[in-house]
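K.L.:
sequence plus predicted model, see below.
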Amino acid sequence: MARSFAQMSRTAEQVSRGVQVPKVAMDNPPFPIHRLGDQVLRKPARRISKVDESVRELARDMLRTMYSAKGIGLAAPQVGVHKQLLVIDLEPDNEAAAPMVLINPEITSFGAAIDTYE
């Protein structure tokens, strides 16, 4: 059943509370980031069937990697983990703002407008 973005966001906020990490760059982040053209990105990601401590730790490590790269979003396949997991933080400079962790996200509709962030 399709859920609205607002519902997904609320669920992501609840999950995110358990995985928050300091929003600082690390000298040696947990993962290297694979970029466009890397063959590792061609492998399909698998659904996550159960959220356990290993999934939470993956999300934490992804957040640490994302903050170290000064990014605002990172998908598990970008760090070589073929699971449907995405971390997003639109306010990386605001310690009080919780990041979003999306597990098994689905695009159910889209529009013609394009938003960019630089």
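P.N.:
The structure has been received and is ready for your questions.
K.L.:
quick check, Val55 in a strand?
P.N.:
No - Val55: not assigned to a strand; according to DSSP: H, G, I helix; E, B strand; the rest coil it is helix.
K.L.:
the most centrally placed residue in the chain: what secondary structure?
P.N.:
Taking CA atoms, centre = their mean, the centroid of the chain lies closest to Val87, which sits 1.6 Å from it. For Val87, the assignment made with three-state DSSP gives strand.
K.L.:
what residues are bridge-paired with it?
P.N.:
When bridges are called by DSSP bridges, Val87 pairs up with Leu74, Val101.
K.L.:
show me the contacts for it.
P.N.:
Contact analysis of Val87 by CB atoms under 8 Å, 6 or more residues apart in numbering lists Ala59, Met62, Leu63, Met66, Gly73, Leu74, Pro99, Met100, Val101, Leu102. Just so you know, the C-beta spots here come from the backbone N, C-alpha and C atoms, and that holds for glycine as well.
K.L.:
which of the three states applies to Val51?
P.N.:
coil.
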